[in-house]
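**Student:** sharing a model that was predicted from the sequence below.
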Amino acid sequence: MICSLHLCLPEYYYTRKDVSKLKAKLTNVSTSVSEYGMTTETKGNLENYQVRILDDRIYFNGSIGKYYHGNNVVSLTKDDLKEALKKLKKTTGLQIYKADVCRIDIAMNIVLPHKFKSYTPFLENTPDYLVGRDKFGGMRYKTRQGNIEFVFYDKLRELRNRDELTYNLTKGYVGKGCMMRIEARIVKTARKTLLPKASKLMAVHLLSETVHRRLIWVWKKHYNKIPKSKSPRLRFDVSGLKELKDILATYALHTIGLKDVLTDIEEMARQGEWSAKKKSTVRRGIKDLHQDEFLGKTSHYIKEMEEAVRENEEMREWVAAWG
């Protein structure tokens, strides 16, 4: 489904009167003037859309799915997108169909039986992407060109921080597992990616079969390109006691707290289960970390994720509609 949709409408598609009418519909409005008074910028909200009005263009940044449905958990179909753009055109009074597409995201939500953190260790690093952590605890893969981000993240965690009502409703549906969102973000050069032979990529083009096919191709291409291991891999080097101590100390302080850690160590020492001099056991543990047998048999987590993607109703609709 299409989620975020950022648009830019050039000045030759609207008048000053259009701008005045638009400003009257915005909430949380603020206006700033550049240092030398050469340009002005007005910011405001149109429902969930953030609107920036400059002297020569207007930006609309936000989730088109949330704008139409009230949340971005429910899928936005092609017909929904058509109605959403029609609503945005009617509300703003502007020629929205002629706005340039600056960014567009296409995403899928899948419900999985285990906690989100059970799946991320199986998403591997790859030299084709700059790999980092998403702010909601997921994995973000950014192309070397910087034009596309492909993200696996915890949708429930995002909702808990941003939309409590939708979170409570979704949590009841998900149960004890998680909702993973797998999202392709075309953050730059959307035209070159989706409509390379055209001089522009406008909002109206998003209703075409060609662009929809291309969007699905982008999502599937990057999903398949990111390696998924059968066993979890270490994302850091643990070659000796010092590295292990640093990692364990950081983990313990962040998750348990210094007082509780020291209390546990004191109790273990009293029972003869722990000693700072017992380094041979730790060294054996470090060696085991680098052996596949320590990591267990082939995990079922990736299999669950892959099956959920294949069986996802939206994926089946994509394949049926666009191939």
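**Tutor:** Cool, the structure landed.

**Student:** name the helices or strands packed onto the host helix or strand of residue 80?
**Tutor:** Assigned by DSSP states H and E, residue 80 falls within helix 78-92. Using 3 or more C-beta pairs under 8 Å, 6 or more residues apart in numbering; DSSP states H and E, the elements in contact with helix 78-92 are helix 16-25, helix 64-69. Every C-beta, even on glycine, is put in place using the N, C-alpha and C of the backbone.

**Student:** check which helices and strands the last one sits against.
**Tutor:** Same thing as helix 64-69. strand 2-10, helix 78-92.

**Student:** can you check the first one too?
**Tutor:** When contacts are defined as 3+ C-beta pairs under 8 Å, 6+ apart, helix 16-25 sits against strand 40-46, strand 49-53, helix 78-92.

**Student:** now the shortest one: buried residues?
**Tutor:** Of the residues in strand 49-53, those scored as buried under the neighbour-count criterion (16 or more other C-beta atoms under 10 Å) are 49, 51, 53.

**Student:** same deal with stretch 62-72?
**Tutor:** 62, 63, 64, 65, 66, 67, 68, 69, 71, 72.

**Student:** OK, contacts around the third one?
**Tutor:** If I follow you right, that is residue 64. For residue 64, the contact set (C-beta atoms under 8 Å, 6 or more residues apart in numbering) comprises 2, 3, 4, 5, 76, 81, 84, 85, 88.

**Student:** let's see it at 10 Å
**Tutor:** Going by C-beta atoms under 10 Å, 6 or more residues apart in numbering, residue 64 touches 1-7, 48-49, 72, 76, 80-81, 84-85, 87-88, 104-105, 203, 206.

**Student:** circling back to that earlier point, and the helices and strands packed on helix 78-92, which one averages the lowest pLDDT?
**Tutor:** When the helices and strands packed on helix 78-92 are ranked by mean pLDDT, helix 64-69 comes last with a mean of 90.

**Student:** would you mind measuring from the spatially closest residue to residue 9 that is not a sequence neighbour to residue 212?
**Tutor:** Nearest non-adjacent residue to residue 9, counting by C-beta to C-beta, 6 or more residues apart in numbering: residue 99, 4.3 Å away. As for residue 99, its distance to residue 212 is 18 Å (criterion: C-beta to C-beta, to the nearest Å).

**Student:** run through the stretch 201-323 of the chain and note the low-pLDDT ranges.
**Tutor:** 230-245, 247-248, 251-258, 271-299, 313-323 (pLDDT under 70).

**Student:** SS state for residue 127?
**Tutor:** Of the three states, residue 127 takes coil under DSSP: H, G, I helix; E, B strand; the rest coil.

**Student:** got a list of what residue 65 touches?
**Tutor:** With C-beta under 10 Å, 6+ apart, residue 65 has these contacts: 1-5, 48, 71-76, 80-81, 84, 105, 107.

**Student:** pretty sure residue 94 is touching residue 14, no?
**Tutor:** Yes: when contacts are counted by C-beta atoms under 10 Å, residue 94 is listed as touching residue 14 (5.5 Å).

**Student:** who touches both of those two?
**Tutor:** Contacts common to residue 94 and residue 14, judged by C-beta under 10 Å, 6+ apart, are 21, 22, 58.

**Student:** report how many residues lie close to the first one.
**Tutor:** By the criterion of other C-beta atoms under 10 Å, residue 21 has 14 neighbours.
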